[in-house]
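Novice: This is the structure alone, sequence omitted:
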């Protein structure tokens, strides 16, 4: 591809604040081909990762302390963090764990009604598909429910689709919220912004800070304000812009690199699929741990049963029970996971988010670590007949930190 | 330099949210060598250009609608834009044009007193050195005035030093605000953040989005909050981080690229110095245009005398007089400059900002364009004896747009 002619001033110059025109054309073609609906380069903003786009949209949406954004519970914490930063209000809509983290119209309507009854002005709803941290992949039907709900109440859909390439189960495929909006009667005027990133997928080029957002049905005045916001940061990094273009325009059959690219991509994809299944299976085999299938994304989000005494011990330290558990896991095994409380969860649920990015052999070892730790942790905090209460005094039963470092210390468990 | 060992995960991975440790060590060494005072990698945040650092600091500073930031008038509009975005209040301190855009203690104190009398809580003061758009280079004395003023009132210095390599006059050299703070009695506890960028200097690598901010005397709690803000954007682009490291650690004598680097850098530096002097001289030779020396940065910021009828004509179109003038300049000559009203200026002053980045031959042509346009513009809006009032009806006296395009249309006048 003639990058030299696309950016004649070179990669060291500022670009248009929405990004280089030809790269936005590549993105629009990719979306159009994926969805079967028109997409326009003028509606694309290339951003420093998806985060920068999400931040700009939220900045434009939240204008007062009664402006609210609906977010799934559990959710990737960028949403809660930005809402707090911008002085808005978060309205959670709980996903149904037992139904594979499903979203229901009833829950959406109840959350909305409760929020408006409190005087909040619900401006937008964030949907993360495939889910982070929950790993579910949304079919057309739940997306229709979301789109119709938002159209009915005149609120904007923020569709976080950064894991769209990461769908591992055969009975599901990624459908964009925009495609569903375009094909659902009643959603003709639905305002929607979708986000994509070079940091995930099968390339995982996080350090390039590439990504984009696409505006759909966003009125020109709002578009102009978003452009002004983009201008205040001049432009996104050109390396990230190039990476975004490469992501949406991979090698084609006949290209020199095509065969190698497909081979490498398939190997990564299949390995991720195997790892997702192995991790979930391994976690579900541990008594007291329960995990929904990781259909997509890069995470498992199991729930854990904790002994009453562990919950009390956590309280004494001023930690949430799952933070207390995750610190013990880190201490005892060197495995680093993120407490579920950081993502939001149903009251009384405890759990953690872990990824399946480590190589397969290390992942299998880690599953053993999860199992061994869970058993020891529960024993430590369970009063047993004929035994004294061990209280919260730590008992290091696994190898010490130094020995463990060899086994687990360098695992690239992304948090 | 062993970049492979500095970032073993490669350039495609997330880094520490403050930036790669070894690059921050390079930056700290550069600052320490430049200032003769200790600098620490832990105090450095590598950012997507200086803008991202400025935005994060302002976000941390402005917590309510009475929180105010003092900014020079004229100022680079990122400050006014961010203050508006974050819902704070701007308190201007006027620079004295006739004294070479000097800052005075009296003006600072008056601005501060007026602001506090209005109930504003002045949190920080921005200083831009070398000046944008004004091009002045601050000696030690005015920096001492600023540091003492801020120390006295317990407000943070935000020192925008992105043009520190761009000082063209022999009688001045760049001194950092931190150096002055370290060497001025009474400023031992002064809180200061300084900003640098890869987008300016002699490299002008804007598209890489490289830059850093250094915290000085910032308390650990605030540091932790700034780190949290940086984390919400994950990390700055690795290409920008590498460029920042290259900027602060240029080739050394004996390195293979040293001679070529020095030769190229000197040529750029000397040419910029010649262009700065030629532009200012050329502008001052035009009757009705007055311009202070461009000692540093990349801009001239002349004032223009406008006929009364031009001011009235501008009013009729709903434009500021200098916007009206700049649009005429663009229409008639193809030269694009920025109206001074966008930067803020004394009431009743009109002017524009122009850069001296175009190649020398094109710059000389542009100076002729400025002169010719100014004459025609003034004639158009001046009633003369024996002539009818030409009002605001445009008279295209210069070559038409098509012909002009050949001469001026492609001038890379950065705005």
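Specialist: In hand now; what should we look at? Predicted model, so just to flag it, every value in this text is computed and none were measured. Numbers count the residues shown, from 1 in each chain, chains lettered A, B, ... in the order given.
Novice: all helices of chain A, in order?
Specialist: A:3-6, A:21-35, A:49-61, A:78-85, A:105-117, A:140-153, A:177-183, A:220-232, A:238-248, A:258-284, A:308-317, A:321-333, A:360-380, A:401-404 (DSSP state H).
Novice: Check these for me and report the most buried one.
Specialist: Mean neighbour counts were compared across the helices of chain A using mean count of other Cβ atoms under 10 Å in any protein chain shown; the top stretch is helix A:238-248, at a mean of 26. Using the backbone N, CA and C atoms, a C-beta is placed for each residue, glycine as well.
Novice: per-residue confidence for the one residue sitting closest to the centre of chain A?
Specialist: Nearest to the mean C-alpha position of chain A, by Cα atoms, centre = their mean, lies residue A:132 at 3.1 Å. Here the pLDDT value assigned to residue A:132 is 94.
Novice: which ones are touching it?
Specialist: When contacts are counted by Cβ atoms under 8 Å, 6 or more residues apart in numbering or on different chains, residue A:132 touches A:76, A:160, A:162, A:163, A:297, A:298, A:299.
Novice: Could you verify my assumption that residue A:242 touches residue A:26?
Specialist: No - assessed by Cβ atoms under 8 Å, residue A:242 is found out of contact with residue A:26, at 10.4 Å.
Novice: Now render the helices of chain A as CSV, adding mean pLDDT.
Specialist: Shown next, in CSV, are the helices of chain A (pLDDT from 0 to 100):
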stretch, mean pLDDT
helix A:3-6, 72
helix A:21-35, 97
helix A:49-61, 94
helix A:78-85, 93
helix A:105-117, 97
helix A:140-153, 97
helix A:177-183, 98
helix A:220-232, 92
helix A:238-248, 96
helix A:258-284, 95
helix A:308-317, 93
helix A:321-333, 94
helix A:360-380, 92
helix A:401-404, 41
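Novice: These: which one's closest to chain B?
Specialist: helix A:238-248 (3.8 Å; Cβ to the nearest Cβ).
Novice: Just checking the distance from the closest one to the centre of its chain.
Specialist: Helix A:238-248 sits 20 Å away from the centroid of its parent chain (Cα atoms, centre = their mean, to the nearest Å).
Novice: which helices and strands does it pack with?
Specialist: Secondary-structure packing of helix A:238-248 (3 or more Cβ pairs under 8 Å, 6 or more residues apart in numbering or on different chains; DSSP states H and E): helix A:21-35, strand A:44-46, strand A:211-216, helix B:238-248.
Novice: would CSV of these with distance to residue B:168 be doable?
Specialist: Shown next, in CSV, are those (distance: least, Cβ to Cβ, whole Å):
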stretch, distance to residue B:168
helix A:21-35, 35
strand A:44-46, 35
strand A:211-216, 39
helix B:238-248, 19
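Novice: Which among those is found nearest to residue A:283?
Specialist: Nearest to residue A:283, of all those, is strand A:211-216, at 30.4 Å by Cβ to Cβ.
Novice: quick check: angle from the closest one to helix A:21-35?
Specialist: Using axes from the mean of the first three to the mean of the last three Cα atoms, to 10 degrees, the inter-axis angle of strand A:211-216 relative to helix A:21-35 is 70 degrees.
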